[in-house]
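1. Give me the fold of what follows.
(chains A and B)
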Amino acid sequence: MMNWLQELPNWQPYGDPQYFIYLLVALIPVVVALLFGKRIKWYEGLVSLAFIVLMFAGSHWQQFIALIGYIIWQAVMVFGYAKYRQKADNKWVFYGAVFLDVLPLAIVKITPAVTMGQNSLLGFLGISYLMFRSVGMLMEMRDGVLKEFTFGQFLRFMLFMPTLSSGPIDRFRRFTEDYETVPDRDKYLGMIEKAVHYLFLGFFYKFILAYIFGTLLLPGLEHEALVAGGLINWPTIGVMYAYGFDLFFDFAGYSLFAVTISYLMGIETPMNFDKPFMAKNLKDFWNRWHMSLSFWFRDFIFMRLVMVFMRHKVFKNRNVTSGVVYVLNMTIMGFWHGVTWYYISYGIFHGLALVINDWWLRYKRRHKKQIPHNKFTEGFAIFLTFNIVMVSFLLFSGFLDQLWFHNH
Amino acid sequence: MLKRLGLIFGPVIVAVVAVIAGIMLMPEDNNKHDYQAEQRAANALTPIVFKNQTLKQRALSDKQHRFVPFFGSSEWSRMDTFHPSVLAEGYHRSYRPFLLGQRGAQSLTQYFGMQQITKQLTNKQAVYVISPQWFVKQGEDPNAFKYYFNQAQALTWLQHAKGTTADRYAAKRLLAMNVSSSLTGYLRRIADGKKLTANDQGWISMKLRFLNHEDSLFADMQLGNNYTKRVLPKTANLPKTYNETKLNALADKYAAEHTKSNQFGIDDKFYQQRVAKQLGKLRGSQRQFNYLQSPEYGDLQLALQQFAATHTNVLFVIQPVNEKWAAYTGLDMKMYDQTVAKIKSQLTTQGFTNIADFSQSGDKQYFMQDTIHMGWRGWLAFDKRVNHFLTTPQSTPTYHMQDKYYGHDWMTATSVN
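-> Model prediction:
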């Protein structure tokens, strides 16, 4: 039955130069129409559908089935809860809806951990990002700020092609407003201008810098580090930096592509990175690194947990509350990355580091006079933050798992 | 609006046109012969050179200097004093090896690499080193394959692919390596036994023209120089004239100096870096190894098919394993011998009768440099056979290719008869 899907070529999003050519050519009518103040919804839908199908075609066809199943599941949750919320507002129903919404992703994340690396059949590229979007909708409905929406709007938001596979994570109301209002010509020309800039910056990041760090440098360093063995060695430090830069340039490059294509479609998808290695402290770092994810966690996990703890007066001290929630928040993020010791400890690492960071900022505020603040201390802060982040990325990379436990 | 669009897209269009024009206007110069650059490429052992058609063609078509393609894998990087490149240089042989292949390169990689030098292989000689370790169940690792693969290899091949059993097999293997989505459509057609359309061929030759210009443009930017750093200096160690006794004595001396740390006769540096720390873990670790059933047999057949098509006279070299090490790791030597017999049968039944089989030499002293690579005495024995093959008149072989070697039956056969 799915033969036709298997026969099609598989096009990974933004995978090679040809992908951009095909996609940009397909978008020409969209751009021309937007320049004349029109949005050809049916055509945009068709192009999006075609590129989504190609993303899961070929050997990935099972993921396409998983995607369709997942969308149906999410639609039932979102529209079911929307219907319920018009009449009542029981928190347990809300928790239940969120739980059921997250459940498929949880299964996908837990499956490899309990089956020795087998992947769940429910999984597909981008499942997490769909979950973030729909849970965001549930939260906004609970808050009463999101009330009415159509099935078409829901689908368009969930399946927005440029950001389907790895974000940035948009919010429903922001996205839908962009979609329903065509930007005026002047603004849209500005968006095209930015899009061209982001596109080439993305090329530079992903196809040059990430290539240098990830393809040219990393394998050799990993090999040397494994040969050297032991708990830690110099080549492992090299792996740490090469991996860290590869991670950034690869993901920032991808994010720039996603933003570029969004802009050309007249949607101002939020940016994902803002010079993260210039962060002055860890809190600042999370305001600059994978921003759409950390803001999602801030708004929907951190803030909510803080509110729950405060309301129930779990801890007397405000700082204790926020400290505990930092650790919880980051640990959950660790689990989201995957159920392995290194992802989870990456989360806990950042949680604890944020607690220390918070304590230091408070201490600094109290001792303003004694602690110097100048260009050098700022430079040192940036340097220190950068290196702490790099250490956490080494943990995140899973390379230590290989070095310590699977090195033969 | 148009003015602003012009300002936005103008520079992009100008840049794209300039890059394309710059590459296409650059003359494709595959006939430039600079001996130093050729030697540099011949000993480079980098994926850059392996994938660069221009560098390979320039050296292999040089009429003043005879470069012979030496196809193989990781053994080429064991550049000690008795390495074939050092000996050819030191004794001013009439040939120089052009080393093709590094760690992880196997027959499929070599086959697609050959597509770029078919003209240079025609009616010439070559050396082809087969490692039985290639013949694992899953065949060549797709990651290793991609490391040595570029689109131009496949596009050049597609220009001549006709839908023979060999072509269909090659297309299927390339699909299995999951190389590039833009090739998938063509490969599927060939794999299904269909022909490419004239339109397809038009696109292919257009793309190829661009890629070959690009290839030529970057050919002069080589990195590193093994020739001056690792080959030339070692020629000074050699006795003035070729003398087997002296060379053997010298090899024994070097080998004795470098194998003090272990009972396996493995080079000390290699031993310390790769073996010592996990010696305990490695005991018995190769007990389950099996080289008898592998797609590698079909991939080898592709390389043979190429040699037959270009009437290339090839000396096949079969690498030994370090027998002390094999005993320690529990490698099944009977299985290893059967593998060698199977490979040889595939060669000889089709007329490839020049075989330097060293498979039984893995227990000779100072023959192996490490666990699976020849060194010192091994290189000398290798060189003797290769030198003889390349410098004395050889009868023209006749090949009779058999498609059964692409079949599942052969690839899974555990005995030759």
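
2. Can you pull the residues of the stretch 101-250 of chain B lying near chain A?
-> B:180, B:181, B:182, B:184, B:185, B:188 (CB under 8 Å from any CB of the partner chain). Backbone N, C-alpha and C define where each C-beta goes, glycine included.

3. Filter those down to the ones in helices?
-> Secondary structure assignment by DSSP state H places B:181, B:182, B:184, B:185, B:188 of these in helices.

4. Could you report the separation of residue B:292 from chain A?
-> 24 Å (CB to the nearest CB, to the nearest Å).

5. and that residue, helix, strand or coil?
-> Secondary structure assignment for residue B:292 (DSSP: H, G, I helix; E, B strand; the rest coil): coil.

6. Tally up the residues packed near it, please.
-> 21 (other CB atoms under 10 Å in any protein chain shown).

7. wait, what's in contact with the residue of the stretch 51-200 of chain B found nearest chain A?
-> Going by CB to the nearest CB, chain A is nearest to residue B:184 of the stretch 51-200 of chain B, at 4.6 Å. Counting by CB atoms under 8 Å, 6 or more residues apart in numbering or on different chains, residue B:184 touches A:9, A:10, A:58, B:175.

8. ok, now residue B:241?
-> residue B:91.

9. Show the pLDDT at it.
-> pLDDT, residue B:241: 94.

10. and it, backbone torsions?
-> Main-chain dihedrals, residue B:241, degrees, to the nearest 10: phi -110, psi 160.

11. Name the nearest residue to the residue in the stretch 301-417 of chain B positioned nearest to chain A, ignoring sequence neighbours.
-> Closest approach between the stretch 301-417 of chain B and chain A, counting by CB to the nearest CB: residue B:329, at 11.8 Å. Leaving aside its chain neighbours, residue B:329 sits nearest to residue B:286 (4.0 Å; criterion: CB to CB, 6 or more residues apart in numbering or on different chains).

12. Just give me the neighbour total for residue 277.
-> Since no chain was named, I'll use chain A. Neighbours of residue A:277 (other CB under 10 Å): 17.

13. Sorry, I should have been clearer: chain B.
-> Each residue near residue B:277 was counted by other CB under 10 Å, and the total is 16.

14. Farthest pair within the ones in helices among the residues of the stretch 101-250 of chain B next to chain A?
-> B:182 and B:188 (12.3 Å; CB to CB).

15. quick one, which of these two is more surrounded?
-> Counted by other CB under 10 Å, residue B:182 and residue B:188 do not tie: residue B:182 has more neighbours, with 19 against 15.

16. wait, the more buried one sits on residue A:17?
-> No. Applying CB atoms under 8 Å as the test, residue B:182 and residue A:17 come out as separate, 9.4 Å apart.

17. OK, contacts around residue A:234?
-> With CB under 8 Å, 6+ apart, residue A:234 has these contacts: residue A:228.

18. can you give me phi and psi for it?
-> phi -60, psi -50.

19. Not counting sequence-adjacent ones, nearest residue to residue A:155?
-> Spatially, and ignoring its direct neighbours in sequence, residue A:155 is nearest to residue A:71 (7.5 Å; CB to CB, 6+ apart).

20. Save the contacts of residue B:184 as JSON lines, and put in secondary structure, distance to residue B:224 and pLDDT too.
-> Listed next are the contacts of residue B:184 as JSON lines, based on DSSP: H, G, I helix; E, B strand; the rest coil; distance: CB to CB, whole Å; pLDDT from 0 to 100:
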{"residue": "A:9", "secondary structure": "coil", "distance to residue B:224": "37", "pLDDT": "76"}
{"residue": "A:10", "secondary structure": "coil", "distance to residue B:224": "36", "pLDDT": "79"}
{"residue": "A:58", "secondary structure": "helix", "distance to residue B:224": "38", "pLDDT": "77"}
{"residue": "B:175", "secondary structure": "helix", "distance to residue B:224": "34", "pLDDT": "92"}
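
21. Adding neighbour count and distance to residue B:310, write the residues you listed out as JSON lines.
-> Formatted as JSON lines, the contacts of residue B:184 follow (neighbours: other CB atoms under 10 Å in any protein chain shown; distance: CB to CB, whole Å):
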{"residue": "A:9", "neighbour count": "14", "distance to residue B:310": "32"}
{"residue": "A:10", "neighbour count": "18", "distance to residue B:310": "34"}
{"residue": "A:58", "neighbour count": "18", "distance to residue B:310": "34"}
{"residue": "B:175", "neighbour count": "17", "distance to residue B:310": "25"}
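
22. just to revisit the earlier point, residue A:111 versus the residue of the stretch 51-200 of chain B closest to chain A, what's the distance?
-> 29 Å (CB to CB, to the nearest Å).

23. what about residue 153, helix or strand, and which?
-> You didn't say which chain, so I picked chain A. helix A:151-158 (DSSP states H and E).

24. I was thinking of chain B, sorry if that wasn't clear
-> Using DSSP H and E, residue B:153 maps to helix B:151-160.

25. counting contacts, what elements does that helix pack onto?
-> Helices and strands touching helix B:151-160, by 3 or more CB pairs under 8 Å, 6 or more residues apart in numbering or on different chains; DSSP states H and E, are helix B:107-114, helix B:181-191, helix B:198-218.
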